[in-house]
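Novice: Sequence first, predicted model second:
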Amino acid sequence: MLFVVFVIFVGITYGQNTDTIKGYQKGLEFNYSGLADYSGGDHIKDHNTSTNYFNYDMRFTIIDKAHSFNFNFVNGYRFNSYLFLGGGVGLRLISFNVSILESNTSIHWSSSFELKEISLQIPLFVRFHANFTPKKVSPFASLDFGGNICVYNDYDEINRNFFGHNIFFMPALGVNISFKQMQNLYVAFIYDLSFTPKNDNYIAHINHSVGARVGFNF
């Protein structure tokens with residue numbers, strides 16, 4: 001709500017800014033976030049109907065020690081000293097531990113195992129960025145909305161449920177430090193909320209994490 005109020009305020013006071021900076025701008029950035037632990041049960045389909053020993057109707061999963069590393073390229077247009085609208089593409093590596101308990105309730109069978117896994121994704125997103133002031137050092141808020149395209153999983157059958165193709169929403173609050181007219185360094189606190197849709201074998205999942213961002217525009 002406060003973010004919306006600020007955007008309206010900037011629009012009203014746009015004509016009062018005497019130090020307008022505008023033009024195309026691009027940047028490089030690095031994001032790190034530690035994903036929240038997850039535990040839950042998934043009802044899944046039988047994977048082999050020829051023998052009961054390979055069938056299971058419940059999987060309980062625990063994910064911990066999850067870390068996300070992002071390198072992004074952002075390109076867009078700066079309308080003035082306050083507002084920027086653009087898009088980005090990047091590369092995202094997620095490393096995490098997963099512990100899994102599988103069971104078949106009809107034959108009273110269960111097994112458990114642990115894995116160290118990685119997921120490699122390509123994020124595609126739209127970014128809205130708003131500086132609070134036109135000064136060289138200014139706080140700012142930004143909002144990313146887009147999707148992560150999963151291009152590699154260590155063990156897809158388990159991994160895709162949590163870190164497969166997904167939609168994400170990422171607000172950020174930080175500080176922008178300007179050096180020249182279109183060059184600036186910024187650091188920010190980020191919150192990443194992603195949604196993985198339901199597929200044939202798995203229920204939908206929501207993942208969330210907090211982290212930091214550092215970047216340079218030119």
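Specialist: Done, it's in.

Novice: Does residue 82 touch residue 131 like I think?
Specialist: Yes - the pair formed by residue 82 and residue 131 meets the contact definition of C-beta atoms under 8 Å, at 5.0 Å. Yep, even glycine has a C-beta here, placed from its N, CA and C like the rest.

Novice: tell me which residues form a beta bridge with residue 171?
Specialist: residue 143 (DSSP bridges).

Novice: nearest residue to residue 24 other than its sequence neighbours?
Specialist: Closest residue in space to residue 24, ignoring its immediate chain neighbours: residue 77 at 5.6 Å, by C-beta to C-beta, 6 or more residues apart in numbering.

Novice: now residue 141: how far from residue 130?
Specialist: 6 Å (C-beta to C-beta, to the nearest Å).

Novice: Ok, residue 211 next?
Specialist: To residue 130, residue 211 is 20 Å away according to C-beta to C-beta.

Novice: Which parts of the protein are helices?
Specialist: For the chain, applying DSSP state H gives helices covering 2-13, 156-163.

Novice: Mind telling me which of these the model trusts least?
Specialist: Among these, helix 2-13 carries the lowest mean pLDDT, at a mean of 46.

Novice: What count of nearby residues applies to residue 152?
Specialist: 11 (other C-beta atoms under 10 Å).

Novice: One more: residue 88?
Specialist: Using other C-beta under 10 Å, residue 88 has 20 other residues around it.

Novice: what's the closest residue to it other than its chain neighbours in contact with, if anything?
Specialist: In space, and not counting its chain neighbours, residue 88 is closest to residue 74: 4.1 Å by C-beta to C-beta, 6+ apart. With contacts defined as C-beta atoms under 8 Å, 6 or more residues apart in numbering, residue 74 is in contact with 26, 27, 28, 29, 86, 87, 88, 127, 215, 217.

Novice: pretty sure the second one contacts residue 214?
Specialist: No - counting by C-beta under 8 Å, residue 27 does not reach residue 214; the two are 10.9 Å apart.

Novice: which of those two has more neighbours?
Specialist: The neighbour comparison of residue 27 against residue 214 (other C-beta under 10 Å) goes to residue 27, with 23 against 14.

Novice: What residues does the closest residue in space to that one that isn't next to it in sequence make contact with?
Specialist: Excluding the flanking residues, the one nearest residue 27 by C-beta to C-beta, 6+ apart is residue 217, at 3.8 Å. The neighbours of residue 217, taking C-beta under 8 Å, 6+ apart as the test, are 25, 26, 27, 74, 182, 183, 184, 185, 186.
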